[in-house]
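Visitor: need a structure here:
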Amino acid sequence: MPFVPHTPEEVREMLAVIGVDSVEDLFAEITNSMRPQSFDIPEGLSEMEVLAKLEGMAAKNATDSASFLGAGFYDHYIPAAVDALTMRGEFYTAYTPYQPEASQGTLQAIFEYQTAVCRLMDMDCANASVYDGGTALYEAVMMAVRKTKRRKVVLSEALNPIYRVMLDSYITNLNLELVCVPHKNGRTDIEGLKAAIDDKTAAVLVQNPNFFGSVNDFTDLFNAAREQKAVSIISSYPVLQTLLKTPGQMGADVAVAEGQSLGLPLSFGGPYLGIMTCTKKMVRQMPGRIVGRTQDTEGRTGYVLTLQAREQHIRRQKATSNICSNQSLCALRALVHMCALGEMGMRRAARLSIERAHLCAEKLTAIPGVEMLTDGPFGNEFAVTLPVNAYEVIARLSDRGFIPGFPLGRYYEGLENGLLLACTEKTSEEHIGILAEMMKGALK
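Guide: Predicted coordinates for the structure are as follows:
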């Protein structure tokens with residue numbers, strides 16, 4: 001039996017209050033051409049039949065391809081302990097811990113996660129309630145706008161273009177000015193960013209490594225921003241943070257990241273985790289939830305939600321954000337992943353990823369017509385230019401079980417021959433060798 005919560009009499013009462021005669025009148029403004037003509041719902045199936053149908057559909061996915069895709073999302077190895085621990089019922093069904101006395105385990109897990117990412121980024125404070133890397137970047141911008149009372153945002157074109165599209169969408173009606181400083185052959189134009197910062201700038205946004213894989217030290221840029229009282233925001237790659245100069249060491253005010261690379265499978269795009277950290281002076285602008293550790297009246301350690309500046313807790317116009325979904329399960333996976341690997345394991349994964357990327361770059365640039373787009377240091381990702389359109393090469397190699405990378409022409413005009421490749425510790429030397437041979441054949 002379908003569940004209908006309202007009786008016909010209750011429906012009539014509600015319609016009378018609204019001032020319409022029927023439910024159909026509520027949708028009168030929607031023309032017939034815009035209404036569904038048919039839902040085309042198939043007949044019901046048994047559990048066995050549904051399972052067989054879904055397994056057949058899933059089998060059509062190419063799950064055994066060798067992939068060199070990155071562009072912000074990476075196929076790192078996830079220890080078996082991550083699934084084993086985070087799939088426990090105590091965690092798997094947990095939602096927002098509104099009652100701390102009944103949620104000490106969840107609160108402690110979030111507190112430990114905050115501690116871990118603060119150590120990773122070398123920052124003072126962290127939260128655990130941002131959807132993904134792009135959302136975290138937008139929220140960081142709004143932190144800067146509230147802090148400075150300014151409306152101008154300077155960002156690098158070498159920032160992940162997916163994040164830039166998200167940022168454009170979020171601020172469409174917020175009367176903010178975005179100043180995008182072009183990249184220089186895949187390098188972040190630090191001097192151009194400095195020149196764009198003035199006394200009207202709320203924030204400067206950069207990424208390390210940038211979208212093209214290029215590694216930078218933004219210390220001087222952040223110093224220049226500080227002189228103009230602008231907020232410095234950096235988007236980082238968590239795995240490589242174990243080897244690179246940290247946001248804290250560079251002097252960033254807010255450091256964000258996509259947490260997918262820490263124990264979260266690619267899973268067709270989510271759910272993911274937006275890592276968000278900041279300095280103590282910015283903490284009161286941070287959205288979402290922050291867990292604090294305290295003591296009860298008997299001196300026992302306890303965990304509570306603190307600085308909950310959300311619309312559920314304070315007047316809407318004073319809320320820092322209307323983030324409502326709780327990402328603590330994804331945050332827990334990141335925490336277990338970091339703990340399972342430990343500092344040495346994370347460094348080893350980062351080092352292997354970088355070594356494989358440099359080997360791959362060496363093999364590919366030995367092919368006539370293939371050149372590095374960028375010069376200077378890079379991490380586990382790099383961009384090359386090909387003598388033909390990158391889409392052509394991707395089509396040829398994908399049909400043979402190799403996804404050679406991301407076509408830069410999708411977001412960057414003039415880079416139609418550009419290809420972005422990423423390696424992780426899972427990328428074998430054998431696959432790199434095969435890719436080079438296949439690329440050589442595809443370019444003949």
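
Visitor: low-confidence ranges in this structure?
Guide: Across the chain, the stretches falling below the confidence threshold (pLDDT under 70) are 1-3, 93-96, 308-317, 322-326.

Visitor: Would you mind measuring from the most centrally placed residue in it to residue 166?
Guide: Centroid check for the chain by Cα atoms, centre = their mean gives residue 133 as the closest residue, at 2.6 Å. Between residue 133 and residue 166 the computed distance is 9 Å (Cβ to Cβ, to the nearest Å). The C-beta positions use only the backbone N, C-alpha and C, and glycine is treated the same way.

Visitor: Can you give me every residue that contacts the residue nearest to the centre of the chain?
Guide: Remark: with contacts taken as Cβ atoms under 8 Å, 6 or more residues apart in numbering, residue 133 is in contact with 72, 160, 163, 235, 256-260, 272, 274-275.

Visitor: Could you list which of these belong to helices?
Guide: When DSSP state H defines the helices, the subset of those inside them is residue 163.

Visitor: Could you provide the contacts of residue 133 in a markdown table, with additional columns for distance to residue 385 and neighbour count?
Guide: Below are those laid out as a markdown table (distance: Cβ to Cβ, whole Å; neighbours: other Cβ atoms under 10 Å):
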| residue | distance to residue 385 | neighbour count |
| --- | --- | --- |
| 72 | 21 | 24 |
| 160 | 20 | 21 |
| 163 | 24 | 24 |
| 235 | 25 | 29 |
| 256 | 30 | 31 |
| 257 | 28 | 30 |
| 258 | 26 | 27 |
| 259 | 31 | 27 |
| 260 | 28 | 28 |
| 272 | 30 | 23 |
| 274 | 32 | 28 |
| 275 | 32 | 30 |
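
Visitor: quick one: which of the contacts of residue 133 is nearest residue 39?
Guide: residue 272 (31.2 Å; Cβ to Cβ).

Visitor: ok, now which ones touch that closest one?
Guide: Contacts were defined as Cβ under 8 Å, 6+ apart; by that measure residue 272 touches 131-133, 258-260, 264, 330.

Visitor: count of residues packed around residue 250?
Guide: When neighbours are counted by other Cβ atoms under 10 Å, residue 250 registers 23.

Visitor: wait, it sits on residue 234?
Guide: Yes - at 7.0 Å, residue 250 and residue 234 qualify as touching, with contact defined as Cβ atoms under 8 Å.

Visitor: any residues in contact with both of those two?
Guide: With Cβ under 8 Å, 6+ apart, residue 250 and residue 234 have common neighbours residue 218.

Visitor: quick one: the strands in the stretch 151-300 of the chain?
Guide: Assigned by DSSP state E, counting those that start in this stretch, the stretch 151-300 of the chain shows strands spanning 152-156, 177-181, 201-208, 231-236, 254-258, 274-278, 290-295.

Visitor: how about those strands in JSON lines, adding distance to residue 31?
Guide: Rendered in JSON lines, the data for the strands of the stretch 151-300 of the chain read as follows (distance: least, Cβ to Cβ, whole Å):
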{"stretch": "strand 152-156", "distance to residue 31": "40"}
{"stretch": "strand 177-181", "distance to residue 31": "36"}
{"stretch": "strand 201-208", "distance to residue 31": "42"}
{"stretch": "strand 231-236", "distance to residue 31": "43"}
{"stretch": "strand 254-258", "distance to residue 31": "41"}
{"stretch": "strand 274-278", "distance to residue 31": "39"}
{"stretch": "strand 290-295", "distance to residue 31": "48"}
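
Visitor: Of those, which is nearest residue 399?
Guide: When the strands of the stretch 151-300 of the chain are compared by Cβ to Cβ, strand 254-258 sits nearest residue 399, at 29.5 Å.

Visitor: partners of the closest one, with directions?
Guide: Here strand 254-258 has these sheet partners by DSSP bridges: strand 231-236 (parallel), strand 274-278 (antiparallel).

Visitor: Of all those, which one is nearest residue 378?
Guide: Closest approach to residue 378 among the strands paired with strand 254-258 (Cβ to Cβ): strand 231-236, 14.9 Å.

Visitor: from the chain's centre, how far out does that closest one sit?
Guide: Computed by Cα atoms, centre = their mean, to the nearest Å, the chain-centroid distance of strand 231-236 equals 14 Å.

Visitor: repeat for stretch 179-199
Guide: Stretch 179-199 has its C-alpha centroid displaced from the chain centroid by 23 Å (Cα atoms, centre = their mean).

Visitor: neighbouring contacts of it?
Guide: Counting contacts by Cβ under 8 Å, 6+ apart, the residues outside stretch 179-199 that touch it are 152-158, 164, 204, 206-207, 210, 212-214, 216, 218, 220-221, 224-225, 228-230, 373-376, 383, 412.
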